[in-house]
Each structure stands twice: as structure tokens, then as C-alpha cells.
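Visitor: Fold the stuff below for me.
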Amino acid sequence: MKQNSMLAMILAGGRGSRLHELTNKVAKPAVGYGGKYRIVDFPLSNCANSGIDVVGVLTQYESILLNSYVANGGRWGLDAKDSGVYVLPPREKADAGLDVYRGTADAISQNIDFIDQYSPEYLLILSGDHIYKMNYAKMLAYHKEHKADATIAVIGVPMEEASRFGIMNTGEEDRIIEFEEKPANPKSNLASMGIYIFNWKLLRRLLLADMKNPDSHHDFGKDIIPTLLNDGKSLYAYKFKGYWKDVGTIDSLWEANMDLLNPDNELDLGDPTWRIYTEDTNVLPHYIGKNASIKKAYITQGCLIEGTVENSVLFTGAKVGEGAKVIDSVLMPGAVIEPGAVVTRALVSDNVVIGSGAKVGSADSEHIELVSKRVKGVE
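Guide: Now for the predicted structure:
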């Protein structure tokens, strides 16, 4: 078996309950974004672009679609000899008698045998539900330069939002001296991005000990990182500058899609030097009717627009009927807005139909309305 300097493991087993009906039947990393992508396309594409050949995707809840999607490593160029994307579901029974991962560290622990096949010097651990572009090879170079035992990617967040995140407090040369999980009174604004590089031999020893600890949460933030700090190991913060979005709520998923409408958006999905790869869809080009009106929109192939679209993102195959209005909204694949209907500040789920003359959402609402079931038209 080929030895890999660094192997990646993507934690893609979150339930995604704050995305409500969007994740009832689909794992959170498989939720759509940006017209034609899925959230998991981002860490997988980052791995491919960073020269990482082997990626394990740790799945759990509602994972049938996600498993079949990521199993085709060819989408990301990870299907050559000695490379691949591997689906890794839980193998051990938890307290409830279900096959689940008990925590983020347990997810890696259950797959030590898989990792050992490749004898990596370093292990890269990623969250599967964030949208960003990052060169992990540069992060590894930083890790080596500092002779770190572990390196954690961080991003500066507004101080008023810092209590929502795991916060890294650093000393000289960005060495981490303290980690606080969602502190009420944060001392810094360096939020963990859920991206870690560990020296594998050290992490392996910690994981084996953690598995035997009945008082452990089996979690990186609650157990593994504090243990490393308590043991005096060298942990460093890798400061990331660029676009990063945790799309854990309907509002944040909507915001991430709206960001694509900004011509100065840092994500730049059209950048040929750092492509985000996804599934190819065999559909016709989009069609714009003669009476249609479009202002500031992100429109994907297969869309049919005969009404008004303003400041909105339309996924593959979305349809907007004559006289219908879609304003400040996101239409997921196959969503249909029938003639005369009005959609405002809403996220319309896959294949949902908004009936003729119906109105959903409001320009004055504090939160984005998720429409996940058919809305009857006006009689």
C-alpha cells in the first residue's frame, strides 16, 4: 500500500437538525448550494486541489444519497491508482444500540485500521459542512515549519459573535495556550474552523487512550485538544484569510447563497486555478422568456424564467412562471413558482411547487422562510 504523507478524514456525520426539513432525508453535507453544488464538494475539491490522494468520508445520518455521491471519486479527480474517496460509516454500537459515532474523536478512533493502511505521517481532519476554499498543503507547510504536534485553522470573527465558536487564545508566534468552547466572555476572536492537522502517531496514542476513558465525550474540542494542551504539546493556530461560512442554519445557508450575488465575493466559484468540482448534470441551458425581468441573479442551467427574478439564486431546473415574482430568495433544484405567485426572502426546497397566485415569505421577516411542502394556489 502506498504511504501517504498526509491523509484526510472528512467528518460528514452531523444530523443538521437546524436545517429542519432540508435534512430529514438528506445528510447535511449533501445539501445543495450555489445552484449546482453540494456542501461536501468544497472539502473534497480542496483535498484534490491540495494534492491529497486519499480521503475518508465519515457518514452517519440519512447517508444513502451522500454515500453514493462521494463514492464516485472521479468527480474530484480522486479515482486514479493509489487514490480514492472512501465512505466510512460507523461500525460500533452506541448506548442506544445504534451504529453511530459517539463524537468527533470517536469517529476517527473507529477508523484507525483504515488510516493505518496508508501509514500517514500527518492526519488532516475536516468538517464536511463548511463552504470555503483552502490550500491544505500550505497549512501542512506551516505545521512542519513550527514543528507542531497539532495545527488548528482559525478565522477571525466579530467579537460579538465569538461566543458561538470554539475560541483559540494564542501567545507568541500564534502558539495556542488555551482553548475555550463557546466562552461566555471570549478573550479573543480566533474561531476554530474545525480543520486540524495532527502528527498521526501522537494522535493515535491519544485516541486509543480516549476510547478506554468512560468519562470522555470522545470529542476533539472537549477532550483531545485540552489533553494536548495539558500535556504541554505544541499547538499552533493557522490564520486563514478568505471566505468561510458555516451553513448550519436556514438563515446562514440563504446568506451563503446570497453572497454569490456580490461581484466582489471572495469565494469566486469561477476561479480556474482552484476549481470546485461537482456532479455533471445533463440538462438544457436556461431559458429566459420575452416578458421576463431579471435583476442581480445567479441562474443555473435548466432554469426556465418567464416572470421576475430579483436578487435571487436559482438552482438547476428551477421554474418561474409568467407574472410570478422571486425576490431575495433561493430556489433549490426543480422548484416551481407558478404564474402570479410571489416568493420573498424564502428558501424553497427541492421540487416544491408554489401554486398560482400564492404568496410566501415577507420582506419584513427577521428570518428566512423555509418552504419544504407544496403551497396551494389561490382558488
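
Visitor: show me where pLDDT drops low in this protein?
Guide: Scanning the chain for pLDDT under 70 picks out 1-4, 15-18, 62-63, 73, 80-82, 92-99.

Visitor: Might you report the residue contacts of the most centrally placed residue in it?
Guide: Centre of the chain computed as the mean C-alpha position; nearest residue by Cα atoms, centre = their mean is residue 129, 2.1 Å away. By Cβ atoms under 8 Å, 6 or more residues apart in numbering, the contact set of residue 129 is 12, 14, 16, 28, 29, 39, 40, 246, 247, 248. Quick note: C-beta positions are derived from backbone N, CA and C, even for glycine.

Visitor: Just give the closest residue to the first one, not the sequence neighbours.
Guide: This means residue 12. The shortest distance from residue 12 to any residue that is not its chain neighbour, by Cβ to Cβ, 6 or more residues apart in numbering, is 3.3 Å, and that residue is residue 128.

Visitor: And the second one, by the same measure?
Guide: Across the structure, with Cβ to Cβ, 6+ apart as the measure, the residue nearest residue 14 apart from its sequence neighbours is residue 28 (5.1 Å).

Visitor: Verify the contact between the one you found and residue 59 for me.
Guide: No - taking Cβ atoms under 8 Å as the definition, residue 28 is not a contact partner of residue 59, at 10.5 Å.

Visitor: Overlap in contacts, those two.
Guide: If you check residue 28 and residue 59 against Cβ under 8 Å, 6+ apart, the residues they both contact are residue 12.

Visitor: that older thread, burial check on the residue nearest to residue 12, number of neighbours?
Guide: Applying the criterion other Cβ atoms under 10 Å, we find 25 residues in the vicinity of residue 128.

Visitor: again with residue 145
Guide: 10.

Visitor: and it, how far is that from residue 229?
Guide: Computed as Cβ to Cβ, to the nearest Å, the residue 145 to residue 229 distance reads 20 Å.

Visitor: now residue 165
Guide: Here the distance between residue 165 and residue 229 works out to 17 Å (Cβ to Cβ).

Visitor: before we move on, what about residue 68?
Guide: As defined by Cβ to Cβ, residue 68 lies at a distance of 40 Å from residue 229.

Visitor: Which of the two has more residues huddled nearby?
Guide: In this comparison of residue 68 against residue 229, neighbours counted by other Cβ under 10 Å, the higher total goes to residue 229 at 16 against 11.

Visitor: so the more buried one touches residue 179, yeah?
Guide: Yes - Residue 229 is in contact with residue 179 according to Cβ under 8 Å; the separation is 6.4 Å.

Visitor: Spit out the contact partners of residue 176.
Guide: With the criterion set at Cβ under 8 Å, 6+ apart, residue 176 makes contact with 152, 168, 169, 170, 229, 235, 236, 237.

Visitor: Checking my notes, it in a helix, right?
Guide: No - counting by DSSP: H, G, I helix; E, B strand; the rest coil, residue 176 falls outside a helix, being strand.

Visitor: Could you tell me how far it is located from residue 132?
Guide: Between residue 176 and residue 132 the computed distance is 21 Å (Cβ to Cβ).

Visitor: The stretch 251-379 of the chain: strands as residue ranges?
Guide: Taking DSSP state E, counting those that start in this stretch, the strands of the stretch 251-379 of the chain run over residues 287-288, 293-299, 304-305, 308-314, 319-320, 325-327, 330-331, 336-337, 342-344, 346-348, 353-354, 359-360, 369-371.

Visitor: just checking, which of the ones you listed sits deepest inside the structure?
Guide: Mean neighbours per residue, mean count of other Cβ atoms under 10 Å, is largest over the strands of the stretch 251-379 of the chain for strand 330-331, with a mean of 32.

Visitor: helices or strands next to it in the packing?
Guide: The helices and strands touching strand 330-331, judged by 3 or more Cβ pairs under 8 Å, 6 or more residues apart in numbering; DSSP states H and E, are helix 250-259, strand 308-314, strand 346-348.

Visitor: With residue 83 as the reference, name the closest of the ones you listed.
Guide: Between residue 83 and these, the shortest separation by Cβ to Cβ is 29.2 Å, and it involves helix 250-259.

Visitor: List the contacts of residue 105.
Guide: 207, 210, 216, 218, 219, 220, 223, 224.

Visitor: Can you tell me how far the fifth one is from residue 227?
Guide: This means residue 219. When distances are taken as Cβ to Cβ, residue 219 and residue 227 turn out to be 11 Å apart.

Visitor: Would you format the contacts of residue 176 as a markdown table with distance to residue 314 and secondary structure included?
Guide: Written out in a markdown table, the entries for the contacts of residue 176 read as follows (distance: Cβ to Cβ, whole Å; DSSP: H, G, I helix; E, B strand; the rest coil):
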| residue | distance to residue 314 | secondary structure |
| --- | --- | --- |
| 152 | 37 | strand |
| 168 | 39 | strand |
| 169 | 43 | strand |
| 170 | 43 | strand |
| 229 | 47 | helix |
| 235 | 44 | strand |
| 236 | 42 | strand |
| 237 | 39 | strand |
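
Visitor: Tabulate those residues (CSV), appending distance to residue 90.
Guide: Listed next are the contacts of residue 176 as CSV, based on distance: Cβ to Cβ, whole Å:
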residue, distance to residue 90
152, 25
168, 29
169, 33
170, 34
229, 28
235, 28
236, 31
237, 31
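
Visitor: So what's the residue count around the residue nearest to residue 51 when sequence neighbours are not counted?
Guide: The spatial neighbour of residue 51 that comes closest, neighbours along the chain excluded (Cβ to Cβ, 6+ apart), is residue 137 at 5.7 Å. Applying other Cβ under 10 Å, we find 15 other residues in the vicinity of residue 137.
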